[in-house]
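*Asks:* just to be clear, the model below is a prediction. Sequence and coordinates:
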Amino acid sequence: MSEASLVQIESRGAVRILRLNYPAKRNALSLELRAELIEAVRDAMAAKAVRALVLTGNGGAFCAGGDISSMQAVGGVAGRQRLASLHELVRLLLAGPKPVIAAVEGYAYGAGMSLALLCDQVVAARDAKFCCSFNKVGLMPDMAALWTVPQRVDGGWAKRLLILAEEIDGETALRIGLADQVAEPGGALDAALALAGRFAALAPLPIAFTKAVLARGPQPLEALLAQEADGQALLFNSADFAAGRDAFLAKRKPQFRGC
C-alpha cells in the first residue's frame with residue numbers, strides 16, 4: 001500500500017480492501033479521492049481473483065461526506081457534471097458483480113453515509129456516527145440516498161434521516177435496519193472481513209446476476225420472472241453449477257471458479 005494514495009488497496013486472499021486515506025478531512029470525498037475510488041472499485045470489479053470488496057476509512061472515520069471546500073461554482077451544468085462521476089460510483093457499487101461490505105468506524109456523514117449504504121452489507125462500530133447531513137448545508141441527499149435509505153428503514157425513519165438529518169449511532173443503525181451488523185469500536189474491519197470471506201466462498205456468477213436484478217429495485221412480477229428465466233438458463237450451463245451440483249450429491253464442499 002502507498003501511504004500517499006488517497007485510496008489504499010490491499011488484497012487478502014479473494015477479498016480486496018479499499019481504504020479511504022484522507023484523514024486530515026476525515027476522508028471527505030475530494031475530487032481527487034473520488035477519482036481514485038472510482039478507479040479502484042472499477043479495477044476490483046473487473047479482477048477475476050477478487051470475489052468480494054471491503055470499503056473502509058483510515059484515521060478513525062469512514063467518510064465525513066463531500067469536500068465542501070471544493071464546492072465553488074458548482075451550479076447548473078457544473079453541478080450536473082460533478083454528480084456524473086458520483087453516479088458512476090453509485091452504479092459500480094450497487095449493480096457491480098461483486099459483493100461490497102462497508103466497515104464503518106467514526107463518522108459516516110452526508111455522502112459518507114450514502115457511500116456506506118451503496119454497499120451490500122454495512123458493518124458498523126457501536127459508536128459509529130451516521131448522519132445524512134446534506135440539509136445542514138442547504139442540499140438534498142445525493143449518491144442515491146433517496147433510493148437506499150427507504151429500502152432499509154421505514155417511512156418515518158427515512159424522513160428523520162433524510163430531512164431532519166438526525167445523527168444516529170451504530171446501535172441505532174442496527175436496530176432500525178440502516179446497518180446489518182455491529183462490532184465493538186475498532187472491530188468493524190475485522191468483522192467486515194469475516195463477512196466478506198463468507199461471500200467470497202460462494203459462486204460469483206449467481207451473486208453478479210442477483211445484484212443486477214436487485215439494483216433495478218421493485219418491478220412488475222412478469223419483468224422479474226423474465227430476468228429470472230434468462231439468468232437461470234445461463235447459470236444452468238455454468239461450470240460452477242456443475243461443480244456445486246456434483247459436490248452436493250457427493251456431500252463435499254464445492255470449489256467455485258467463477259465460470
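*Replies:* Received the coordinates, thanks.
*Asks:* I figured residue 227 hits residue 210, correct?
*Replies:* No. Residue 227 is beyond contact range of residue 210, at 10.2 Å (criterion: CB atoms under 8 Å). Placement of C-beta: from N, CA and C, glycine included.
*Asks:* any common contacting residues for those two?
*Replies:* Counting by CB atoms under 8 Å, 6 or more residues apart in numbering, residue 227 and residue 210 have no common neighbour.
*Asks:* where along the stretch 51-200 of the chain do the strands fall?
*Replies:* 52-57, 100-104, 107-109, 121-125, 129-131, 168-169, 181-183 (DSSP state E, counting those that start in this stretch).
*Asks:* buried ones in the first one?
*Replies:* By neighbour count, with 16 or more other CB atoms under 10 Å as the criterion, the buried positions of strand 52-57 are 52-57.
*Asks:* related to what we said a few turns ago, adding distance to residue 67 and mean pLDDT, write the strands of the stretch 51-200 of the chain out as TSV.
*Replies:* Shown next, in TSV, are the strands of the stretch 51-200 of the chain (distance: least, CB to CB, whole Å; pLDDT from 0 to 100):
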stretch	distance to residue 67	mean pLDDT
strand 52-57	14	98
strand 100-104	19	98
strand 107-109	12	97
strand 121-125	22	98
strand 129-131	16	98
strand 168-169	23	98
strand 181-183	28	98
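*Asks:* right, and the ones you listed - which one's nearest residue 236?
*Replies:* Closest to residue 236 of these, according to CB to CB: strand 52-57, at 24.2 Å.
*Asks:* on that earlier part again, distance to residue 103 added to the buried residues of strand 52-57, as JSON lines?
*Replies:* Shown next, in JSON lines, are the buried residues of strand 52-57 (distance: CB to CB, whole Å):
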{"residue": "52", "distance to residue 103": "12"}
{"residue": "53", "distance to residue 103": "11"}
{"residue": "54", "distance to residue 103": "6"}
{"residue": "55", "distance to residue 103": "7"}
{"residue": "56", "distance to residue 103": "4"}
{"residue": "57", "distance to residue 103": "8"}
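*Asks:* what is the burial count for residue 226?
*Replies:* Using other CB atoms under 10 Å, the number of residues around residue 226 comes to 12.
*Asks:* ok, residue 105 next?
*Replies:* For residue 105, using other CB under 10 Å, the count is 25.
*Asks:* could you report the pLDDT at it?
*Replies:* Listed pLDDT for residue 105 reads 98.
*Asks:* so which pair among the buried residues of strand 52-57 is furthest apart in space?
*Replies:* Going by CB to CB, the pair spanning the buried residues of strand 52-57 furthest: 52 and 57, at 18.0 Å.
*Asks:* who are the neighbours in contact with residue 112?
*Replies:* 27-29, 61-65.
*Asks:* using JSON lines, lay out those residues together with neighbour count, distance to residue 157 and pLDDT.
*Replies:* Listed next are the contacts of residue 112 as JSON lines, based on neighbours: other CB atoms under 10 Å; distance: CB to CB, whole Å; pLDDT from 0 to 100:
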{"residue": "27", "neighbour count": "31", "distance to residue 157": "25", "pLDDT": "96"}
{"residue": "28", "neighbour count": "24", "distance to residue 157": "25", "pLDDT": "95"}
{"residue": "29", "neighbour count": "26", "distance to residue 157": "25", "pLDDT": "93"}
{"residue": "61", "neighbour count": "24", "distance to residue 157": "23", "pLDDT": "97"}
{"residue": "62", "neighbour count": "31", "distance to residue 157": "20", "pLDDT": "98"}
{"residue": "63", "neighbour count": "30", "distance to residue 157": "21", "pLDDT": "98"}
{"residue": "64", "neighbour count": "26", "distance to residue 157": "22", "pLDDT": "96"}
{"residue": "65", "neighbour count": "26", "distance to residue 157": "20", "pLDDT": "91"}
